[in-house]
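> Provide a 3D model corresponding to the input given below.
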Amino acid sequence: MTTLAIAAALGEMPPVDLAELIECAALQTRVDRKYVVPLTALPSLLSQLPAGTRVLDIDAERSFRYESVYFDTPWLASYHCAAYRRRRRFKVRTRTYLDSGDCWLEVKINGARDSITKHRLPYLSQDRGTVGPGREFVDEVLSREAIPADGDFAPTLVTSYRRSTLLLPATTSQRFSRVTIDTELCWQCGSASLTLPQVAVVETKSSAAAAAADRLLWRGGIRPMRISKYATGLAALRPDLPDGPWRRTLRRHFCGISASSGRPPGSATHLTPTVVRHIEQEASCV
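Below is the predicted model of the structure:
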C-alpha cells in the first residue's frame, strides 16, 4: 500500500525529461545532504514539496533500476579515507541504469566544505565489473586531484536500488536543486548481502545552501545522517572494519535488517600488522 501511495504522489507531479533536468541542474559539483526516511512518511513529504516540483519521466516511467559496482584497492584506501574522515576522499564505481543499459565509470571526489565533484566516462555495461578498460581515466582523475591510490582496483561491493529524481524550482536564494529518492536498497559483498525494504535514502543536491526539500525534512524532524551506500553498506557487512562515522546510522537503521552472510554476525577478520600498516599509510596520504 505504501509503495502505491508513493507512486501515486509521484504520478501527480508534472514531468521533466532527462535533457532538461541535466540542463537545469547537472550539479556535477555540489553539496549533498542525505536522509534515511521511513517509506510510510514519503507520500506526505512528497505532497508538501514546492509548487512546480517536477519528476524525471522517461517513456512514462518515473522509477528506475540502478546498479553500482564499487572498486577499492587491496587495502581499501577509499573506505578507510572515509572511515577516518580524511579531508579529501574518493570513490570509484560503475553505475548501470538497468532499464536502459547505459553505463558510466565514475570517480567521485569529496573536497573542501563537503563539496563533491563527479567525473564520468561512458562505459560498456558488460565491463561494469572491472576498472580495466577505464583505468587510465581513473588514474588521470586521481592524479589531477593529487590523490594517491596505489595498487589494483578490485570490485568490493555491489548495490542495487530503485531511484526517482525530482527537480525543484529555483528560488531567490537558490538555483534549481535535485532530490533523489532511493528505495528497495540492496547490498552484496561476496557471499554476504543485506536489504533495507522499509526505508528510503533521500538525497538533496544543491549548489551550496539548503534547498526547500531540506527545510521540509527538518520541519518534519528528519535530520541529515551520515550514510554512504558504499561505506555504510560495507561496514554493515564487514564488522571487522572501522565504522565510526556511520555507527549511529548502523544502530538506528540497520538493526534487524534482512541479511545473510557466509560467516557469523560480528565475527572479525584478523588484520595482520602488514595490512594495518598499509591501511594507515594509504589513509594518511589523502
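> spit out the contact partners of the residue nearest to the spatial centre of the chain.
Nearest to the mean C-alpha position of the chain, by CA atoms, centre = their mean, lies residue 229 at 4.6 Å. For residue 229, the contact set (CB atoms under 8 Å, 6 or more residues apart in numbering) comprises 68, 159, 161, 185, 187, 201. Using the backbone N, CA and C atoms, a C-beta is placed for each residue, glycine as well.
> wait, the second one touches residue 230, no?
Yes. If you go by CB atoms under 8 Å, residue 159 and residue 230 touch, sitting 7.4 Å apart.
> and for those two, which residues touch both?
Joint contacts of residue 159 and residue 230 (CB under 8 Å, 6+ apart) are 68, 70.
> longest strand anywhere in this protein?
strand 154-168 (DSSP state E).
> pairing partners for that one, with directions?
strand 54-56 (antiparallel), strand 64-72 (antiparallel), strand 177-189 (antiparallel) (DSSP bridges).
> which parts of the stretch 101-250 of the chain are helices?
135-144, 212-219, 231-237, 247-253 (DSSP state H, counting those that start in this stretch).
> quick check: angle from the longest one to strand 64-72?
Angular relation of helix 135-144 and strand 64-72 on a 0 to 180 degree scale: 70 degrees, by axes from the mean of the first three to the mean of the last three CA atoms, to 10 degrees.
> do the same with the second one
Angular relation of helix 212-219 and strand 64-72 on a 0 to 180 degree scale: 90 degrees, by the same axes, to 10 degrees.
> show me which residues of helix 212-219 are buried.
Neighbour-count burial for helix 212-219, counted by 16 or more other CB atoms under 10 Å, picks out 212, 213, 214, 216, 217.
> need the residues that contact it.
Residues contacting helix 212-219 (CB under 8 Å, 6+ apart): 33, 35, 37, 45, 48-50, 166, 168, 171, 174, 177, 179, 202, 204, 206, 223-224.
> what about the strands in the protein?
Going by DSSP E, the chain shows strands at 15-16, 29-38, 54-56, 64-72, 89-97, 102-110, 115-122, 154-168, 177-189, 192-196, 199-206, 258-260.
> using CSV, please lay out those strands together with distance to residue 1, mean neighbour count and mean pLDDT.
Below are these laid out as CSV (distance: least, CB to CB, whole Å; neighbours: other CB atoms under 10 Å; pLDDT from 0 to 100):
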stretch, distance to residue 1, mean neighbour count, mean pLDDT
strand 15-16, 24, 17, 95
strand 29-38, 14, 18, 85
strand 54-56, 20, 22, 96
strand 64-72, 22, 20, 97
strand 89-97, 28, 23, 96
strand 102-110, 32, 20, 95
strand 115-122, 35, 15, 88
strand 154-168, 17, 20, 96
strand 177-189, 14, 21, 94
strand 192-196, 19, 18, 93
strand 199-206, 15, 22, 91
strand 258-260, 20, 12, 57
